[in-house]
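Enquirer: Everything below, folded, please.
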Amino acid sequence: MLLEGSCHCKSVRFRLESRHPYPFNLCYCSICRKTAGAGGFAINLSGDFTTLDVDGEDFITIYQARSPAAGGGYEESPARRHFCKVCGSPLWV
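Expert: Numbering: from 1, shown residues only. Below is the predicted model:
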């Protein structure tokens, strides 16, 4: 199944393939709630990353959450949350 999407202002458009008829994962982690203002519905697509085709890559910025580490300081999450620099829409993780 071909998935197509964009940010709100359409500066970034993307498409990718998914084997799932319902490709979205619902996430209510604290990071998704804080960065997207709600659950991470659209950013957890379960699509095939190797088929990802993006228009407007110059408008993308990436956020990696930091959490307090057990021994002090912070740990950076390996998850790379992609956002549009123009309108702030979360795109995908």
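Enquirer: From now on I want contacts and neighbour counts done on CA atoms only, so please keep to that.
Expert: Will do.
Enquirer: how much space between the residue of the chain most remote from its centre and Ser30?
Expert: Distance to the chain centre peaks in the chain at Gly71, reaching 29.0 Å (criterion: C-alpha atoms, centre = their mean). Going from Gly71 to Ser30 by C-alpha to C-alpha, to the nearest Å gives 21 Å.
Enquirer: Same check on Asp58?
Expert: Relative to Ser30, and taking C-alpha to C-alpha, Asp58 is found at 28 Å.
Enquirer: Find the residue ranges of this protein scoring beneath the pLDDT cut-off.
Expert: 21-25, 39-45 (pLDDT under 70).
Enquirer: quick one: the helices in it?
Expert: Applying DSSP state H to the chain gives helices spanning 30-36.
Enquirer: tell me the strands in this structure, going along the chain?
Expert: For the chain, the strands defined by DSSP state E occupy 2-6, 13-17, 53-55, 60-63, 66-68, 74-76, 81-84, 90-92.
Enquirer: can you put those strands in TSV and add distance to Ala36 and mean neighbour count?
Expert: Converted to TSV, those look like this (distance: least, C-alpha to C-alpha, whole Å; neighbours: other C-alpha atoms under 10 Å):
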stretch	distance to Ala36	mean neighbour count
strand 2-6	15	14
strand 13-17	18	18
strand 53-55	21	14
strand 60-63	12	17
strand 66-68	16	12
strand 74-76	18	13
strand 81-84	10	22
strand 90-92	6	23
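Enquirer: right, and these - which one's nearest Gly37?
Expert: strand 90-92 (9.9 Å; C-alpha to C-alpha).
Enquirer: Give me the sheet partners of the closest one and which way each runs.
Expert: strand 81-84 (antiparallel) (DSSP bridges).
Enquirer: what comes into contact with the partner strand?
Expert: Outside of strand 81-84, the residues within contact range by C-alpha atoms under 8 Å, 6 or more residues apart in numbering are 7, 11-12, 43, 59-64, 89-93.
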